[in-house]
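Novice: Predicted structure and sequence below. I'll ask about it afterward.
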Amino acid sequence: MGEKAAPHPLFRLATELGPLVVFFAANAKFNIFVATGAFMVAIVVALAVSYALTRHLPVMAIVSAVVVLVFGTLTLALHDDTFIKMKPTIIYTLFGAVLAGGLLFGRSLIAHVFDQVFSLTAAGWRQLTLRWALFFFAMAVLNEIVWRTQTTDVWVAFKAFGALPLTMLFGAAQYPLLRRHEKPADGGA
């Protein structure tokens, strides 16, 4: 009875992508400030629903929500969209730094997130962690380039239709590494 409920993959997808869809739709219909407020509400609702159904909140979701709420509040209070545009840069940099910092201390922190999904060798976890850390740093740089050189609408479209597909493609591209460093199912050689 004390086990955490495993959410259906579509439920997880909805709670992770739902706020982004709300942000994109509100920006298209209204403006970046209305979209920011709607995004903040959607993030809180997604966390509340997720917790109500699973009695668990992933650390990455909590960190993302805190950053959204802080930078969203700054965006709305100061009526300056710079803050919400910097939010992905900060999240990507934070995730990259945590993963890279873990490696510096001999820990593959990504293993703590995915250890029940994949069974990899220590070398496999280190390589996967390094790759994701570098990916997050690259995405931080890319977000900075896009928001500083493009219109707000282009940045919002990139956030919804560029960053997510890039992340999914990068994740899929890790399949050969996962196969190469997979531990045998029986624990043997």
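Specialist: Now that the structure is in, tell me what you want to look at. Numbering: from 1, shown residues only.
Novice: Over to Leu57. Which of the three states is it?
Specialist: The three-state assignment at Leu57 reads coil, by DSSP: H, G, I helix; E, B strand; the rest coil.
Novice: Was I right to think it contacts Leu47?
Specialist: Yes - the pair formed by Leu57 and Leu47 meets the contact definition of Cβ atoms under 8 Å, at 6.2 Å. C-beta coordinates here come from the backbone N, C-alpha and C atoms, glycine included.
Novice: Neighbour count: the two, which is higher?
Specialist: For Leu57 versus Leu47, the count of surrounding residues by other Cβ atoms under 10 Å is larger for Leu47: 18 against 13.
Novice: Would you mind pulling up the elements that the lowest-mean-pLDDT helix or strand in the chain packs against?
Specialist: When the helices and strands of the chain are scored by mean pLDDT, DSSP states H and E, helix 110-114 comes last with a mean of 76. Secondary-structure packing of helix 110-114 (3 or more Cβ pairs under 8 Å, 6 or more residues apart in numbering; DSSP states H and E): helix 122-149.
Novice: burial of Asp81, as a residue count?
Specialist: The number of residues packed near Asp81 is 19, by other Cβ under 10 Å.
Novice: My guess is it contacts Ile32. True?
Specialist: Yes - contact criterion Cβ under 8 Å: Asp81 and Ile32 qualify, at 4.7 Å.
Novice: tell me, what's touching those two both at once?
Specialist: Taking Cβ atoms under 8 Å, 6 or more residues apart in numbering as the criterion, Asp81 and Ile32 both touch 75, 152.
Novice: Flag every buried residue along stretch 38-57.
Specialist: If you call a residue buried by 16 or more other Cβ atoms under 10 Å, then stretch 38-57 has these buried ones: 38-40, 42-43, 46-47, 50, 54.
Novice: And Phe118, how far from Thr129?
Specialist: Phe118 is 12 Å from Thr129, where distance means Cβ to Cβ, to the nearest Å.
Novice: can you tell me how far the nearest residue to Ala97 once chain neighbours are set aside sits from Ser119?
Specialist: Excluding the flanking residues, the one nearest Ala97 by Cβ to Cβ, 6 or more residues apart in numbering is Ala133, at 7.9 Å. Noted for Ala133: a distance of 21 Å to Ser119, by Cβ to Cβ.
Novice: neighbour count winner among the two?
Specialist: It is Ala133, of Ala133 and Ser119, that has more neighbours when counted by other Cβ under 10 Å, with 21 against 17.
Novice: Any buried residues in the host helix or strand of Met168, and which?
Specialist: Under the assignment given by DSSP states H and E, the secondary-structure element containing Met168 is helix 164-173. Using 16+ other Cβ under 10 Å as the test for burial, helix 164-173 gives Phe170.
Novice: That'll do, ta.
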